[in-house]
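Engineer: sequence first, then the predicted structure, then my questions.
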Amino acid sequence: MNSFIKNHRLYILAILLLATVFTGYVVYVERPCDLTVSFLDVGQGDAILIETSQHQQILIDGGPGKAVLRELSKEMPFYDRSIDAVIATHSDADHIGGLPDVLSNYNVGFVMESGVGSDSSIYKEFEKIIGEKNIKKILARRGMQIELSDGAYLLILFPDRDMTGSDTNDASIVAKLVYGNTSFLFTGDSPTKIEKYLISLDSGGLDSDVLKAGHHGSKTSNSQEYIAAVSPEYTVISVGKDNKYGHPNQEVLDTFKNFGSQILRTDLFGTITMSSDGTGVVLK
């Protein structure tokens, strides 16, 4: 009888312990937090997850393959199967390769793209799933603004016109995330000629705390004039380890260093997460 009571008490204690752990996990996951931006480690490609304090989520690009699902599972709780918006900066495989899997595994509010497609099988699959799931599609244009909680917003800086017939990189969506006095600039693979055009439109509007380096740190992007205009405290380079393209370019790295920007690379640090409380940006 005593043995039965003892075992019964242990059983109750075990249940209480599990309940406490689970409650603690839910509270930890659900508690309000600052706006966060995670540059996901997806190899030689881009994938960026933005999450507000109210758990609104925007995914910019999806990397070259299934790695994006692995990284999203680390950043989002297992029960969260929705993403408010997916932005495909352009149709190259290293930016949209993982998006068909994202669209298949998550409920996506809408997709934004540049309007310049591709004949690749991965782009056709991407468009096919958008159609099959009846996901709203928006063509990005300068001046569009995605409103987020706590006064944060994502402002589209480029394209400013129909880019049909243009090179996919030339048509890359350039967007600026603003939260209070802090900002992040996302550039896709936008080349130097588009950088110069953006400077001519509004050089002051490019100033940002964090810059996602153009084209994985390639010399075809990241001109000195552009870096000077952005003046980033942090520069994030999404790049694969020992990639065949030689990214990032050493001259580009030297330029960022000369401007005093702290360089963070996914091939060296893995996923890079930053948070903002509206007054400053910190590396988590």
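Structural biologist: That came through fine.

Engineer: grab the most central residue of the chain for me.
Structural biologist: Ile48 (1.4 Å; Cα atoms, centre = their mean).

Engineer: hmm, Thr36 and that residue touching each other?
Structural biologist: No. Using Cβ atoms under 8 Å, Ile48 makes no contact with Thr36, being 10.8 Å away. For the C-beta atoms, the positions are set from N, CA and C on the backbone; glycine is no exception.

Engineer: now do the buried residues in the helix or strand containing Lys196.
Structural biologist: Using DSSP states H and E, the element containing Lys196 is helix 192-202. Judged by neighbour count using 16 or more other Cβ atoms under 10 Å, the buried positions of helix 192-202 are Thr192, Ile194, Glu195, Leu198, Ile199.

Engineer: and the residue lying closest to Val282 once chain neighbours are set aside, how far is that from Thr235?
Structural biologist: Leaving aside its sequence neighbours, Val282 sits nearest to Ser275 (Cβ to Cβ, 6 or more residues apart in numbering; 5.7 Å). Computed with Cβ to Cβ, to the nearest Å, the distance linking Ser275 and Thr235 is 17 Å.

Engineer: between these two, which one's more packed in?
Structural biologist: Neighbour count, other Cβ atoms under 10 Å: between Ser275 and Thr235, Thr235 has more, with 26 against 19.

Engineer: and the more buried one, what does it touch?
Structural biologist: Val210, Leu211, Ala213, Phe256, Ser261, Gln262, Ile263, Leu264 (Cβ atoms under 8 Å, 6 or more residues apart in numbering).

Engineer: and it, that's in a strand?
Structural biologist: Yes. Counting by DSSP: H, G, I helix; E, B strand; the rest coil, Thr235 falls inside a strand.

Engineer: count of neighbours near Leu185?
Structural biologist: Using other Cβ under 10 Å: Leu185 sits among 26 other residues.

Engineer: equivalent analysis for Gly117, please.
Structural biologist: 16.

Engineer: ok so, going back, closest to Thr279 out of the buried residues of helix 192-202?
Structural biologist: Leu198 (26.2 Å; Cβ to Cβ).

Engineer: on that earlier part again, next, give phi and psi for the residue nearest to the centre of the chain.
Structural biologist: Backbone torsions for Ile48, taken as degrees, to the nearest 10, come to phi -130, psi 130.

Engineer: could you do Ser73 as well?
Structural biologist: The phi/psi pair for Ser73 (degrees, to the nearest 10) reads phi -70, psi -20.

Engineer: per-residue confidence for it?
Structural biologist: For Ser73, the model assigns a pLDDT of 97.

Engineer: tally of neighbours for it?
Structural biologist: Neighbour tally, Ser73, other Cβ under 10 Å: 12.

Engineer: distance of it from Ala67?
Structural biologist: On the measure of Cβ to Cβ, Ser73 and Ala67 end up 11 Å apart.

Engineer: hey, what's in contact with both of the two?
Structural biologist: Counting by Cβ under 8 Å, 6+ apart, nothing touches both Ser73 and Ala67.

Engineer: re the thing from before, name the member of the contacts of Thr235 with the most neighbours.
Structural biologist: The contacts of Thr235, ranked by neighbours (other Cβ under 10 Å): first place Ala213, 28 neighbours.

Engineer: what's the nearest residue to that one if we skip its chain neighbours?
Structural biologist: Using Cβ to Cβ, 6+ apart, the nearest residue to Ala213 is Ile237, at 4.6 Å.

Engineer: alpha carbons of the helix or strand hosting Ile50, as CSV, please.
Structural biologist: Here Ile50 sits within strand 48-51, counting by DSSP H and E. Extracted as CSV, the C-alpha positions of strand 48-51 are listed here (Å, rounded to 0.1, in the frame of the first residue of the first chain):
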residue,chain,number,x,y,z
ILE,A,48,15.7,36.8,-44.3
LEU,A,49,12.9,36.5,-41.6
ILE,A,50,11.4,39.6,-40.1
GLU,A,51,9.3,39.2,-37.0
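
Engineer: who touches that strand?
Structural biologist: 35-40, 57-61, 71-72, 75-76, 154, 177, 186, 212, 238.

Engineer: 7 Å instead?
Structural biologist: Contacting residues not belonging to strand 48-51 are listed as 36-40, 57-61, 72, 75, 177, 186, 212 [Cβ atoms under 7 Å, 6 or more residues apart in numbering].
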